[in-house]
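Participant: only geometry, no sequence info:
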């Protein structure tokens, strides 16, 4: 009997863990390459909407969208690439007039020549309460090589179908 309970518990933990994991974006415009040898690609997306029935909550706002984006940044140049996470702006492609938002936390990291680093960014776009929309990750001024901005095109994506 105990082995059956343990099996059921293990299955429940696995399902919860799978629900919290990153998944590939439903649609994406692809990678962004710069002439300086830097490539940025979206490798995972996690999108969720907070919906709480607790009328006394102080930490969660109902219908608040949370979007986490995992990037791979590959530096094939012979110079160090400086990545400013705060410059990766998220825009709502369905509402062009909406202001792009910066990630909740940011830092500057170095990507050495020949190295690939994973970067995780978390956003809370205002006014959006649905994961099934078109987003654009603006990359302008997010990467510098030898003190000059890498020319990177925005990446459009849909988090979910």
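Facilitator: That came through, no problem. None of these values were measured; they are calculated from a predicted model.
Participant: all strands of the protein, in order?
Facilitator: Assigned by DSSP state E, the chain shows strands spanning 27-28, 32-33, 38-50, 64-75, 81-84, 89-92, 108-111, 116-123, 134-138, 143-145, 148-149, 155-158.
Participant: run through this structure and note the low-pLDDT ranges.
Facilitator: Across the chain, residues meeting the criterion (pLDDT under 70) sit at 1-21, 25, 51-63, 97, 127-129, 161.
Participant: rerun that using 80 as the cut-off
Facilitator: Along the chain, segments meeting pLDDT under 80 span 1-26, 50-64, 94-98, 126-130, 160-161.
Participant: pick out the residue nearest the middle of it.
Facilitator: Against the mean C-alpha coordinate of the chain, by Cα atoms, centre = their mean, the closest residue is residue 69 at 1.0 Å.
Participant: now it: closest residue in space that isn't a chain neighbour?
Facilitator: In this structure, residue 69 finds its nearest non-sequential neighbour in residue 121, 4.9 Å apart by Cβ to Cβ, 6 or more residues apart in numbering. Backbone N, C-alpha and C define where each C-beta goes, glycine included.
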